[in-house]
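Colleague: just coords:
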Ligand SMILES: [Zn+2]
């Protein structure tokens, strides 16, 4: 018995020595870049098996669409505050800011074709954000179709008094869907201005999607000082094809367009902030965020409830794994990205005013799809550092780290010199949903959403430990 006991205690002492030696080794490795591979694996496993992002997405989208100034946006601000508090974030607070308040209006929007052969045919239509209303009875005018502003200018007098129909599709030959969007979106943003300059009375714009569907996709449009404001609306891609076909078949096609939207006085709203306070250098901040507001179609599930809940999940994951970042990681739910960027501007203004030290700003605003990498705006030294960490994202297929735009909400910070990083997911399906009734939680895949959160959590943690 005795000898056995001795043996056991001897064994125990050796084990303790061994464990001590091993844990010393682990501690040493924690300071060296290689050990991040294990942490990355652990973050990914936890995100996939025990992720909360989808549950949070269901909660957030349950309020409905969250257009700036709406009661739903206000409810989402309060939800964010409560959720950050429940998740145990530090320094949860609101950053108040006034936001634009545009409303679609009480009456049903309509665009009805009147042609000699087809009679009256309704089009699926929705006002572009920022548009003015039509008179109560609508605008009735002949429609002319153009594919470009040059073609519009060339029409000269023929455009006067007409409804201008912008029908240049997104270029499907582009591999990156955002590039295709970039090549077409000026029709939505400035179509009404260009149409008004040549005497057009309204603008109809082919929806910004490569998908053939029967829902209109809204989005912001601009006005220009000195140019009359005219109403502008999106029609679905199927109806854009239909209208175009009727125009080629008949000499004159008239459309009645009826919109009731209006811009109300600015409304109070807020960004919502919550943190994990840095253990060693709390004053150095890494921002991770998305925008809380959405358009008033669908429930803004991909755009950008996904980016918001992924940002919340970043902090939750690090806390769940008991990882203690050296620097502060701050989740920010920005308000009003879609039609004003007031939240992003206010955040940067206060950061500059208080001399806050931002090490990096990371934004997720390209949909909750499988992550493929990060798009970086930073000097070459910092870019090289980030690129060196690509191996940490290889396992989840998100190791493409390249130079490119980061995100709208953090763009003002980036102009102040803060390195900006955008989460880049698969782009092919984003515009199937974007700014339309299609953008609901059913279109978001839980595993892909979780992987995006994992990718950002890994990145935030490494930057928090190593600096940038
Ligand atoms: Zn967005």
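Modeller: Cool, the structure landed. None of the values given here were measured: they were computed from a predicted structure.
Colleague: Which one of the residues in the stretch 1-150 of the chain is closest to the ion?
Modeller: For the stretch 1-150 of the chain, the residue closest to the ion is residue 66, as judged by Cβ to the ion, at 11.3 Å. (Each C-beta comes from the backbone N, C-alpha and C, glycine too.)
Colleague: how about that residue, what does it touch?
Modeller: Counting by Cβ atoms under 8 Å, 6 or more residues apart in numbering, residue 66 touches 72, 73, 76, 292, 293, 294, 300, 305.
Colleague: how about the strands of the stretch 1-150 of the chain, start to end?
Modeller: Counting by DSSP state E, counting those that start in this stretch, one finds strands in the stretch 1-150 of the chain at the ranges 90-103, 110-115, 119-123, 125-127, 139-146.
Colleague: pLDDT below threshold where in the stretch 301-450 of the chain?
Modeller: For the stretch 301-450 of the chain, no stretch has pLDDT under 70.
Colleague: where exactly do the strands run in it?
Modeller: 327-334, 357-363, 371-377, 400-403, 420-425.
Colleague: Would you format these as a markdown table with distance to the ion included?
Modeller: A markdown table is the format used below for the strands of the stretch 301-450 of the chain (distance: least, Cβ to the ion, whole Å):
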| stretch | distance to the ion |
| --- | --- |
| strand 327-334 | 10 |
| strand 357-363 | 9 |
| strand 371-377 | 15 |
| strand 400-403 | 20 |
| strand 420-425 | 11 |
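Colleague: Can I get the contacts of residue 66 in JSON lines including distance to the ion and neighbour count?
Modeller: Formatted as JSON lines, those follow (distance: Cβ to the ion, whole Å; neighbours: other Cβ atoms under 10 Å):
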{"residue": "72", "distance to the ion": "16", "neighbour count": "19"}
{"residue": "73", "distance to the ion": "14", "neighbour count": "26"}
{"residue": "76", "distance to the ion": "14", "neighbour count": "29"}
{"residue": "292", "distance to the ion": "10", "neighbour count": "30"}
{"residue": "293", "distance to the ion": "9", "neighbour count": "31"}
{"residue": "294", "distance to the ion": "8", "neighbour count": "30"}
{"residue": "300", "distance to the ion": "8", "neighbour count": "32"}
{"residue": "305", "distance to the ion": "10", "neighbour count": "33"}
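Colleague: got the contact list for the nearest residue in space to residue 121 that is not next to it in sequence?
Modeller: Once flanking residues are discounted, residue 121 sits nearest to residue 113: 4.3 Å by Cβ to Cβ, 6 or more residues apart in numbering. Counting by Cβ under 8 Å, 6+ apart, residue 113 touches 120, 121, 122, 123, 243, 246, 253, 254, 255.
Colleague: how about 7 Å then?
Modeller: Applying Cβ atoms under 7 Å, 6 or more residues apart in numbering to residue 113 gives the contacts 120, 121, 123, 243, 246, 253, 255.
Colleague: Neighbours of the fourth one, how many?
Modeller: So the one you mean is residue 243. 24 (other Cβ atoms under 10 Å).
Colleague: how close does it sit to the ion?
Modeller: Using Cβ to the ion, to the nearest Å, residue 243 is found at 28 Å from the ion.
Colleague: which stretch of helix or strand covers that residue?
Modeller: Per DSSP states H and E, residue 243 falls inside helix 237-249.
Colleague: Now that helix: buried residues?
Modeller: 237, 238, 239, 240, 242, 243, 244, 246, 247 (16 or more other Cβ atoms under 10 Å).
Colleague: Against which helices or strands is it packed?
Modeller: strand 110-115, strand 139-146 (3 or more Cβ pairs under 7 Å, 6 or more residues apart in numbering; DSSP states H and E).
Colleague: Show me the one of those that comes nearest residue 459.
Modeller: strand 139-146 (43.8 Å; Cβ to Cβ).
Colleague: relative orientation of the closest one and strand 110-115 in degrees?
Modeller: 70 degrees (axes from the mean of the first three to the mean of the last three Cα atoms, to 10 degrees).
Colleague: would a markdown table of the strands of the stretch 1-150 of the chain with distance to the ion and mean pLDDT be doable?
Modeller: Listed next are the strands of the stretch 1-150 of the chain as a markdown table, based on distance: least, Cβ to the ion, whole Å; pLDDT from 0 to 100:
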| stretch | distance to the ion | mean pLDDT |
| --- | --- | --- |
| strand 90-103 | 15 | 98 |
| strand 110-115 | 26 | 92 |
| strand 119-123 | 26 | 93 |
| strand 125-127 | 17 | 97 |
| strand 139-146 | 28 | 98 |
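Colleague: Buried deepest among these, which one?
Modeller: With neighbours taken as mean count of other Cβ atoms under 10 Å, the strands of the stretch 1-150 of the chain reach their highest mean count in strand 125-127, at a mean of 26.
Colleague: So what touches it?
Modeller: Residues beyond strand 125-127 that count as contacts (Cβ under 7 Å, 6+ apart) turn out to be 104, 109, 110, 111, 216, 218, 233, 234, 235, 259, 261, 297.
Colleague: List the pairing partners of that strand within its sheet, with orientation.
Modeller: With DSSP bridges as the test, strand 125-127 is paired with strand 232-235 (antiparallel).
Colleague: Pull the distance from the strand it pairs with to the chain's centre.
Modeller: Chain-centre distance of strand 232-235: 22 Å, with Cα atoms, centre = their mean, to the nearest Å.
Colleague: State the mean pLDDT of that strand.
Modeller: Across strand 232-235, the average pLDDT comes to 98.
Colleague: Show me what counts as buried in that strand.
Modeller: 232, 233, 234, 235.
Colleague: now the helices for the stretch 151-300 of the chain?
Modeller: 177-182, 186-197, 237-249 (DSSP state H, counting those that start in this stretch).
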